[in-house]
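[1] based on what follows, work out the 3D shape:
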Amino acid sequence: MADLVQALDETFDYAARVVKGVRPEDLDAPTPCTEWDLRTLLRHMTGVVVNMGRGAAGEELLADLNGYELEDDVGVQFSAELARTLAAWKARGLEGQVDVGAGPMPVPAAISVNLVDTSTHAWDVATATGQDAALPEELAATILGVAEGFVGPELRQAVGIGPPVPVPDDASATDRLVAFMGRRPR
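    Prediction:
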């Protein structure tokens, strides 16, 4: 379980780097999430991170994840929310249940959702802005294993995750992860 927290910490580092690379003129760009432009994706992504931290801390959750207001420097704002959320998970401990917006669930399950959502959407942001989207190989393989443990047909349908996309046997761990999450690797 401590490995999940370590993977989340590394994922947050990756996501912070990517979001810091977003320029104001990028915000209306299309993303791999075809229904969202970059601004909407960043609102969702930040809202999820905020609710994860609030849930871990036992605080009131945001009512509308996708309505989270972005500040002028979204990179600084996002990094601050990542730091708060990681601190909340570390302080929370790994036992018991937590509500991060989908009803009570075991803490490891909630951290798993945070890990997969943040890494996948950070890849979306990197792709939309032309940045290097590759996660560290070992981290991507870990996240893929976590995602395979809970992302099934019912969840895909409920939250709009597309079906897995075929990739070659020699695809990188990042490509296998995003393909599993319904995205076409670049």
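[2] now for the longest helix along the chain, which elements pack on it?
    Of all the segments of type helix in the chain, defined by DSSP state H, the longest one is helix 107-129. In terms of contact count using 3 or more CB pairs under 8 Å, 6 or more residues apart in numbering; DSSP states H and E, helix 107-129 is assigned the packing partners helix 2-20, helix 38-57, helix 74-92, strand 97-99, helix 137-150, helix 173-180. In short, each C-beta sits where N, CA and C put it, glycine included.
[3] that helix versus helix 173-180: what angle between them?
    Interaxial angle, helix 107-129 versus helix 173-180 (axes from the mean of the first three to the mean of the last three CA atoms, to 10 degrees): 100 degrees.
[4] in this structure, where is pLDDT below threshold?
    Residue ranges of the chain with pLDDT under 70: 1-2.
[5] relative to Gly67, how far out is Gln114?
    Actually, residue 114 is Asn. It isn't Gln. According to CB to CB, to the nearest Å, Asn114 stands 19 Å off from Gly67.
[6] same drill for those two, tell me which one is more crowded.
    When Asn114 is set against Gly67 and neighbours are counted by other CB atoms under 10 Å, the residue ahead is Asn114, at 25 against 11.
[7] I figured that one was touching Leu8, is that so?
    Yes - in this structure, Asn114 is within contact of Leu8 by CB atoms under 8 Å, at 6.1 Å.
[8] need the overlap of contacts for the two.
    Trp89 (CB atoms under 8 Å, 6 or more residues apart in numbering).
[9] I am finished for the moment; much appreciated.
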